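Participant: Need a 3D model of the following:
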Amino acid sequence: MKTITLPLPLTWLQPFDFPHKLGICERLFGKELAPYGVCWVHTAAGIPWKLDLGVKTDRWIVYGKYEGAAFLNWARKFLPPNGVVIDSGANIGQMLLYLAQWVPEGKVLAFEPATKQADWLAECLAANPTLPVELIRCGLGASASQVRLASFGSEGLHSCWARVTETEGEPIQIVRLEDELSSRCIEKVDLWKLDVEGYEILAMQGVETLIKEQRIRAIYAELTSANNHGQAVIDYLKQFGYQCYLFEENGKLYDPLKQTDFQVPDWINGLFLPTNKNVINE
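Facilitator: From the prediction side, this is the model:
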């Protein structure tokens with residue numbers, strides 16, 4: 001596998017975090033990278049990955065930490081070398097290519113039910129065999145079932161706006177996370193990245209025993225304002241002793257619920273931690 005040659009100034013910038021990095025690099029290098037299209041490229045994570053550089057969100061993976069540095073920098077400090085990570089909604093591995101490197105003696109279970117995305121991820125994992133990742137071509141839910149997954153995003157965005165439906169899209173298998181962990185003799189999880197396109201509460205119901213017993217040390221979940229989804233996730237986890245935190249621009253965590261006028265934005269990721277564990281801003 002041969003990677004493309006990146007502009008030298010970009011290779012200098014890749015290791016460094018700074019405010020608005022993804023947008024700045026896009027203005028500087030976006031037009032130069034886009035014509036390469038689908039290719040293998042040396043990412044800012046320090047490993048080669050197959051990307052479609054005609055797509056802006058794939059170019060972010062070349063510039064720096066996907067969706068910004070705050071969460072990933074926190075996760076790097078938080079995860080032990082033998083940690084267990086669940087990446088549900090792994091897609092093509094945008095976050096996984098960092099998280100997997102930080103648990104070299106541990107395990108990442110990557111759940112991706114969409115055929116195209118799972119095939120893409122499998123190809124990248126085959127090119128990086130030292131990453132401790134097991135790809136599971138299933139979605140997560142409250143019970144084992146079969147549903148359909150329809151993509152409402154553009155073809156080039158790797159189904160960023162996929163939705164579970166009863167009638168449209170490709171059939172996918174839904175499994176309970178608790179069953180998957182039990183079959184692998186995994187009794188606790190260090191970090192669960194939960195991005196399953198509105199299926200978050202059903203996915204959590206499929207591992208409720210571990211959540212009740214706080215055997216999941218941290219949950220990083222997508223929150224949206226649509227259909228009160230974000231608030232429902234916050235309320236669900238709160239009953240089991242998990243507090244929602246958001247990241248400030250400087251990477252520090254804060255409690256948004258202390259703001260009397262707080263409302264879940266259109267889209268944001270929340271970090272949920274047990275209230276009795278001193279893991280804030282580690």
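
Participant: Contacts only, for residue 196.
Facilitator: Taking Cβ atoms under 8 Å, 6 or more residues apart in numbering, we find residue 196 in contact with 88, 89, 139, 140, 203, 222. (C-beta placed from N, C-alpha, C; glycine too.)

Participant: and those residues, which of them are in helices?
Facilitator: With helices taken from DSSP state H, the overlap with the contacts of residue 196 comprises residue 203.

Participant: Can you say which of the contacts of residue 196 are buried?
Facilitator: The neighbour-count criterion (16 or more other Cβ atoms under 10 Å) marks 88, 89, 139, 140, 203, 222 among the contacts of residue 196 as buried.

Participant: Nearest to residue 47, out of the residues you listed: which one, please.
Facilitator: Set against residue 47, the nearest of those by Cβ to Cβ is residue 89 (20.6 Å).

Participant: wait, doesn't the closest one sit right on residue 195?
Facilitator: Yes: at 3.7 Å, residue 89 counts as touching residue 195 under the criterion of Cβ atoms under 8 Å.

Participant: who touches both of those two?
Facilitator: Residues touching both residue 89 and residue 195 (Cβ under 8 Å, 6+ apart) are residue 222.

Participant: For stretch 184-200, give the mean pLDDT please.
Facilitator: Taken as a whole, stretch 184-200 has a mean pLDDT of 93.

Participant: ranges for the helices of the stretch 101-250 of the chain?
Facilitator: 115-127, 177-183, 200-205, 208-212, 229-238 (DSSP state H, counting those that start in this stretch).

Participant: I'd like to know which elements the longest one is packed against.
Facilitator: Under the contact definition 3 or more Cβ pairs under 8 Å, 6 or more residues apart in numbering; DSSP states H and E, helix 115-127 sits against strand 48-52, strand 133-136.

Participant: Select, out of those, the one closest to residue 232.
Facilitator: strand 133-136 (25.6 Å).

Participant: can you pull the buried residues of the one helix or strand residue 272 maps to?
Facilitator: Taking DSSP states H and E as the definition, residue 272 sits inside strand 267-274. Residues of strand 267-274 classed as buried by neighbour count (16+ other Cβ under 10 Å): 269, 270, 271, 272, 273, 274.

Participant: Ok, stretch 24-38 next?
Facilitator: So, applying 16+ other Cβ under 10 Å, buried residues of stretch 24-38: 25, 26, 29, 33, 34, 36.

Participant: Could you export these to CSV, including columns for pLDDT and distance to residue 147?
Facilitator: As requested, those are exported to CSV (pLDDT from 0 to 100; distance: Cβ to Cβ, whole Å):
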residue, pLDDT, distance to residue 147
25, 97, 38
26, 98, 35
29, 98, 40
33, 98, 36
34, 98, 35
36, 97, 36
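
Participant: With respect to residue 169, which of those is nearest?
Facilitator: residue 34 (28.6 Å).

Participant: Pull the contacting residues for the closest one.
Facilitator: Contacts of residue 34 by Cβ under 8 Å, 6+ apart are 53, 54, 59.

Participant: Can you name the two of the buried ones among the contacts of residue 196 that sit furthest apart?
Facilitator: Maximum distance among those (Cβ to Cβ): 14.3 Å, for 139 and 222.

Participant: Which residue is the nearest non-sequential neighbour of residue 263?
Facilitator: Counting by Cβ to Cβ, 6 or more residues apart in numbering, residue 263 lies nearest to residue 225, which is 7.1 Å off, once chain neighbours are set aside.
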